[in-house]
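In: got a predicted structure plus its sequence, pasted below:
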Amino acid sequence: MTMTRDALLNQKGGVAKTTTTLHLGGTLAAAGRKTLLVDLDGQGNLTTALKLDRLNPKGELTLARAMLDGCDRDAARSLVRQHSENLWIIPSALDLFTLPRNLYSARSSEHRLSWVLELLEDEFDHCLVDCRPALEVDTDNALTWATDVLIPVDVDEFSIEALELLLGQVHTLTTEARIEPPRYRGLVINKIARPFSGFHQKVYDALHQLPLPVVGEIPLRTAVAEAKNKGLTIAQYEPKADVARMFRDLAVKAGYLPETPAP
């Protein structure tokens, strides 16, 4: 099986992008898929959600350093930490904060992430890259590497505008760099809290009217926060919860997993 290569991104903050990466990855791992998560955000929320340490730029190789200086297969493997059965992560490190500035002067700057992750392609079934909320060269790296893009959004007045900006960047990048445009798996609407106000209902309806399909709707649930506090995915913490089923539905609708035949 060829590894799926996904970027989860939205330059708008607060859309539960890291939460989507974490629990979608956990869902794939629970289905027996070898899944690699990549924390491309210097804040390291994905890393800390799994109760793992950030990489130390002063004492070990980091993803940012591997992107800037290059690395071989063994070095790329050294970046990876295992969290649990079928679930691995390349943790964050503080030097990711300065990575965009350093990449601007690097040759083939938008390909640096690809040079690292391609060394690991035959070792995993899925790779999900959690991007920081920004439209900069590190995001361009994720878009250049990814064959697919999943976009977390929320029911907020700025969601449509942010989405338009993101789609514009993808078009500009793929046109100027002459790379194959990624496939959009669709939108994941997060942090749904019903009943909606009239305004939020209009935003929700507008998201459903966009040309990108809505492949998941994830409500606010305390089980998600509880799982994070314990360093677990929802598939590990409470696999029978309704929100765990919603992440499984997302994995099917977005094309990661086959649809389970009805009994």
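Out: Cool, got the structure.
In: where do the strands sit along this protein?
Out: 4-8, 35-39, 81-84, 87-90, 126-130, 148-154, 183-192, 214-219 (DSSP state E).
In: out of those strands, nearest to Gln201?
Out: In terms of C-beta to C-beta, the element of those nearest to Gln201 is strand 183-192, at 11.3 Å. In short, each C-beta sits where N, CA and C put it, glycine included.
In: so what does that closest one touch, helix or strand wise?
Out: Secondary-structure packing of strand 183-192 (3 or more C-beta pairs under 8 Å, 6 or more residues apart in numbering; DSSP states H and E): helix 17-30, strand 148-154, helix 198-208, strand 214-219.
In: who's in contact with Ala31?
Out: Contacts of Ala31 were listed using C-beta atoms under 8 Å, 6 or more residues apart in numbering, and they are Arg248, Ala251, Leu257.
In: where's the residue nearest to the first one when sequence neighbours are not counted relative to Leu167, distance?
Out: By that I understand Arg248. Leaving aside its chain neighbours, Arg248 sits nearest to Thr27 (5.6 Å; criterion: C-beta to C-beta, 6 or more residues apart in numbering). Counting by C-beta to C-beta, to the nearest Å, the gap from Thr27 to Leu167 is 26 Å.
In: between those two, which one's more packed in?
Out: Thr27 (27 against 16; other C-beta atoms under 10 Å).
In: got a list of what Ala251 touches?
Out: Ala251 neighbours (C-beta under 8 Å, 6+ apart): Leu24, Thr27, Leu28, Ala31, Leu257.
In: so what's the predicted local confidence for the last one?
Out: This points to Leu257. What the model reports for Leu257 is a pLDDT of 96.
In: can you count the residues close to it?
Out: Neighbours of Leu257 using other C-beta under 10 Å come to 18.
In: same question for Glu136.
Out: Glu136: 16 neighbours (other C-beta under 10 Å).
In: export the contacts of Ala251 to CSV and tack on distance to Phe196?
Out: Shown next, in CSV, are those (distance: C-beta to C-beta, whole Å):
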residue, distance to Phe196
Leu24, 24
Thr27, 26
Leu28, 30
Ala31, 32
Leu257, 29
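In: what's the spacing between Gln43 and Thr20?
Out: On the measure of C-beta to C-beta, Gln43 and Thr20 end up 16 Å apart.
In: same deal with Glu176?
Out: Counting by C-beta to C-beta, the separation of Glu176 from Thr20 is 28 Å.
In: of those two, which one has the most company?
Out: When Glu176 and Thr20 are compared for neighbours, Thr20 comes out ahead with 23 against 10, by other C-beta under 10 Å.
In: in contact with the residue nearest to that one when sequence neighbours are not counted, which residues?
Out: In this structure, Thr20 finds its nearest non-sequential neighbour in Pro152, 4.6 Å apart by C-beta to C-beta, 6+ apart. Residues counted as contacts of Pro152 (C-beta under 8 Å, 6+ apart) are Leu8, Asn10, Val15, Ala16, Lys17, Thr19, Thr20, Leu187, Val188, Asn190.
In: can I get those in TSV with distance to Ser197?
Out: Below are those laid out as TSV (distance: C-beta to C-beta, whole Å):
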residue	distance to Ser197
Leu8	27
Asn10	22
Val15	18
Ala16	19
Lys17	24
Thr19	23
Thr20	24
Leu187	20
Val188	21
Asn190	17
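In: ok, so of the residues you listed, who is nearest Arg112?
Out: Leu8 (18.9 Å).
In: isn't the residue nearest to Arg248 up against Gln236?
Out: No - contact between Thr27 and Gln236 fails when scored by C-beta atoms under 8 Å: they sit 10.0 Å apart.
In: Ser105: neighbouring residues, count only.
Out: Counted with other C-beta under 10 Å, residues neighbouring Ser105 total 8.
In: great, nothing more from me.
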